[in-house]
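Student: fold the following.
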Amino acid sequence: MPQHAATPAPNRRWRRLLLPVLVTLPVLLALIGLGTWQVERLAWKTDLLARFAAAEAAPAESLVEPAVPFTKVSVTGRFDHAREALVGIELRGTTMGGRLVTPLMRDGAVPILIDRGWVPFERDRPVAHPEGEVTVTGWVRPGETAGWTAATDDVAGRRFYTFDPTTIGAALGLPRVAPWGLVVLGAADGGLPEPARTLPRPNNNHLGYVITWYGLALALVGVFAVWARRRFKEDR
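Tutor: Residues are numbered from 1 along each chain as shown. This is a model prediction of the structure:
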């Protein structure tokens, strides 16, 4: 009977690598994709932090509505101290406190919820309550929506855990408020409330993630290359 020609050894070796390659390639592409996504996130976060720094260094602008989040602006009005509330929980040293939020009433415009700064829950110093017309300088804080893990607001006690201007405004008896707030910027003078000194600085860990994902992709290529080389030697 005629003999079938044997498949050349090199072809057999390459065919044995086909399945491992098909398994490894999607993982490699996923790792490269994650690394590339983190590169984009790194560029976005770096630009965001640069804009925050520029906003801090620049003079405050007059408020133009709709307000742009995280810009530094000034606005004039009168505080309604009878409607102040506490938002969030913040530990400073060993003292627990929150952010004192007070509506700023404006002629011909809706009130703005002003985050005047941190105050302790147990007051050890008097809290300043400026009267009459005031000009407030701060950064525009966008409103938030309570997630399913958020603590439940104490509406009766005027203590809130999510900065939702609509919810807070309604609880304070204000039918309408701006859908954003203003966080006062200022230097600490030993009094209360203690205003924010800077715009928020989100963490920028994306470079580490870039190195991690690209490093894993490179390691996968290296491990596969070593395994394939050994497999070729075994098939000789």
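
Student: what's the per-residue pLDDT of the residue nearest the centre of the chain here?
Tutor: In the chain, the centroid-proximal residue (C-alpha atoms, centre = their mean) is residue 202; its distance is 5.7 Å. In this model, residue 202 is scored at 84, pLDDT.

Student: how close does it sit to residue 85?
Tutor: Relative to residue 85, residue 202 is positioned 25 Å away (criterion: C-beta to C-beta, to the nearest Å). Just so you know, the C-beta spots here come from the backbone N, C-alpha and C atoms, and that holds for glycine as well.

Student: what does residue 116 give?
Tutor: Distance from residue 116 to residue 85, counting by C-beta to C-beta: 11 Å.

Student: do residue 24 as well
Tutor: Counting by C-beta to C-beta - residue 24 and residue 85 are separated by 56 Å.

Student: compare these two (neighbour count), which wins?
Tutor: Between residue 24 and residue 85, counted using other C-beta atoms under 10 Å, the more crowded position is residue 85 (22 against 17).

Student: so which bits of the host helix or strand of residue 97 are buried?
Tutor: Using DSSP states H and E, the element containing residue 97 is strand 95-106. The neighbour-count check on strand 95-106 (16 or more other C-beta atoms under 10 Å) flags 97, 98, 99, 100, 101, 102, 103, 104 as buried.

Student: need the residues you listed in a markdown table with pLDDT and distance to residue 65, can you?
Tutor: Listed next are the buried residues of strand 95-106 as a markdown table, based on pLDDT from 0 to 100; distance: C-beta to C-beta, whole Å:
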| residue | pLDDT | distance to residue 65 |
| --- | --- | --- |
| 97 | 96 | 31 |
| 98 | 97 | 27 |
| 99 | 97 | 23 |
| 100 | 98 | 24 |
| 101 | 98 | 19 |
| 102 | 98 | 19 |
| 103 | 98 | 16 |
| 104 | 98 | 14 |
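
Student: make JSON lines out of those residues and add distance to residue 67.
Tutor: Listed next are these as JSON lines, based on distance: C-beta to C-beta, whole Å:
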{"residue": "97", "distance to residue 67": "26"}
{"residue": "98", "distance to residue 67": "23"}
{"residue": "99", "distance to residue 67": "18"}
{"residue": "100", "distance to residue 67": "20"}
{"residue": "101", "distance to residue 67": "16"}
{"residue": "102", "distance to residue 67": "18"}
{"residue": "103", "distance to residue 67": "16"}
{"residue": "104", "distance to residue 67": "13"}
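
Student: all helices of this structure, in order?
Tutor: Along the chain, the segments classed as helices by DSSP state H run 9-57, 165-171, 206-234.

Student: could you find the closest non-adjacent residue to residue 75?
Tutor: With sequence-adjacent residues excluded and distances taken as C-beta to C-beta, 6 or more residues apart in numbering, residue 75 is closest to residue 63, at 4.4 Å.
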